[in-house]
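J.: Task: produce atomic coordinates for the following.
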Amino acid sequence: MRKTIFLLFLAGCSSAPGTSQLPVNGQAGAPADGKAASPGTGVETITPADMRARIAFLASDELKGRNTPSPGLEKAAEYIAGEFREWGLQPAGDNGTYIQRYPYVPRPRRGAPAPANPDTAYPPNVVAILPGSDPALRDTYVVFSAHMDHVGVGQPDARGDSIYNGADDDASGTSAVLEVAQAMASLPQAQRPKRSMVFLLVSGEEKGLLGSAWYADHPTVPLEKIVANVNIDMIGRNSPDTVVAIGNEYSSLGPLVAGIAKQRPELGFTVVPDIWPEERFFFRSDHFNFAKKEIPAIFFFAGVHEDYHRPSDEVETIDTDKATRIARLVYFLADAIGNDPNPPKWTPEGLEAVRALTRQGR
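T.: Residues are numbered from 1 along each chain as shown. Next comes the predicted model:
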């Protein structure tokens with residue numbers, strides 16, 4: 001989640017305390033490389049143990065807070081690309097790879113002089129496609145996005161910890177996209193969605209939504225064939241029975257999500273619209289760059305907390321059960337969008353509102 005100067009904490013909401021050693025597929029602890037294989041197919045593969053293993057790796061001190069650009073961010077991208085490769089997803093980055101790079105000139109720190117000839121870095125996005133099963137619809141796409149970057153190493157806290165691990169922001173959303181991708185890839189070909197699924201993990205979100213902006217301007221599938229964007233950012237904290245769907249009032253995606261939550265009581269969620277409009281969250285995560293292109297978009301979000309953009313945003317604070325249930329909700333949404341011959345649509349009022357909002361955000 002891109003930072004502004006406020007800090008919001010939802011009083012009375014609780015996060016399930018994590019433990020440092022949770023079982024993963026019958027074994028104590030998370031795999032050292034973060035990989036987690038689940039039994040079964042489809043939604044059955046999305047489990048709290050797998051979610052925790054992924055978040056634990058992405059938010060480990062080894063990755064040093066995944067700043068854009070940094071070696072830790074590159075490790076995260078390599079890990080994600082490796083998972084996509086293992087599941088047989090098609091590369092959708094540059095030159096037949098899973099990696100799409102974009103130019104980035106780091107800004108000098110506040111008060112520091114700008115260098116005369118700044119170096120240009122090329123941070124990664126990671127992109128893969130699960131082809132659709134229907135010849136008539138497989139050339140249309142649903143994009144599932146989250147940002148894999150965080151803010152790196154900074155001012156130490158009272159414990160002397162200077163690594164801003166970003167477990168909730170946004171290792172939780174990144175792990176959810178991976179879990180949905182694995183679940184979809186595990187399905188037999190005939191049971192896969194009719195539309196193609198694009199799994200997009202971006203960087204540069206914390207620098208101003210840079211990776212998603214680059215992808216929206218340089219898509220690796222035809223932009224006009226993208227029918228929806230589902231974005232996931234910070235889903236591992238706060239009230240265990242509520243998830244916010246920002247943008248749900250603007251398109252048919254909102255009623256669709258509400259219907260899925262009602263039809264799936266085992267998920268245990270009330271899906272609510274943006275309850276913090278004054279905080280302008282619509283502008284602050286990667287769905288915004290798809291909305292600017294007038295692609296129907298929705299953003300799953302559980303709110304900020306006292307560990308937001310602090311070294312204390314670590315895996316032990318994550319409610320992995322909640323994050324898993326949100327990932328399962330996204331899986332069912334993917335199935336619904338992917339198999340409906342009618343793509344999501346803006347409402348007339350919603351499109352006008354989004355046009356007004358995106359003009360403000362330019």
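
J.: Could I get the full set of helices for this protein?
T.: Along the chain, counting by DSSP state H, helices occupy 48-58, 71-86, 173-185, 210-217, 253-263, 287-291, 320-339, 348-361.

J.: could you redo these as JSON lines and give each row mean neighbour count?
T.: (Glycine included, C-beta is placed from N, CA and C.) Shown next, in JSON lines, are those (neighbours: other C-beta atoms under 10 Å):
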{"stretch": "helix 48-58", "mean neighbour count": "26"}
{"stretch": "helix 71-86", "mean neighbour count": "20"}
{"stretch": "helix 173-185", "mean neighbour count": "27"}
{"stretch": "helix 210-217", "mean neighbour count": "22"}
{"stretch": "helix 253-263", "mean neighbour count": "17"}
{"stretch": "helix 287-291", "mean neighbour count": "27"}
{"stretch": "helix 320-339", "mean neighbour count": "23"}
{"stretch": "helix 348-361", "mean neighbour count": "14"}
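
J.: could those be laid out in JSON lines, adding distance to Arg195 and mean pLDDT?
T.: Converted to JSON lines, the helices of the chain look like this (distance: least, C-beta to C-beta, whole Å; pLDDT from 0 to 100):
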{"stretch": "helix 48-58", "distance to Arg195": "25", "mean pLDDT": "98"}
{"stretch": "helix 71-86", "distance to Arg195": "18", "mean pLDDT": "98"}
{"stretch": "helix 173-185", "distance to Arg195": "11", "mean pLDDT": "98"}
{"stretch": "helix 210-217", "distance to Arg195": "18", "mean pLDDT": "98"}
{"stretch": "helix 253-263", "distance to Arg195": "14", "mean pLDDT": "96"}
{"stretch": "helix 287-291", "distance to Arg195": "16", "mean pLDDT": "95"}
{"stretch": "helix 320-339", "distance to Arg195": "4", "mean pLDDT": "97"}
{"stretch": "helix 348-361", "distance to Arg195": "21", "mean pLDDT": "88"}
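
J.: how about those helices in JSON lines, adding distance to Asp94?
T.: Output for the helices of the chain, formatted as JSON lines (distance: least, C-beta to C-beta, whole Å):
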{"stretch": "helix 48-58", "distance to Asp94": "23"}
{"stretch": "helix 71-86", "distance to Asp94": "12"}
{"stretch": "helix 173-185", "distance to Asp94": "19"}
{"stretch": "helix 210-217", "distance to Asp94": "11"}
{"stretch": "helix 253-263", "distance to Asp94": "30"}
{"stretch": "helix 287-291", "distance to Asp94": "19"}
{"stretch": "helix 320-339", "distance to Asp94": "25"}
{"stretch": "helix 348-361", "distance to Asp94": "27"}
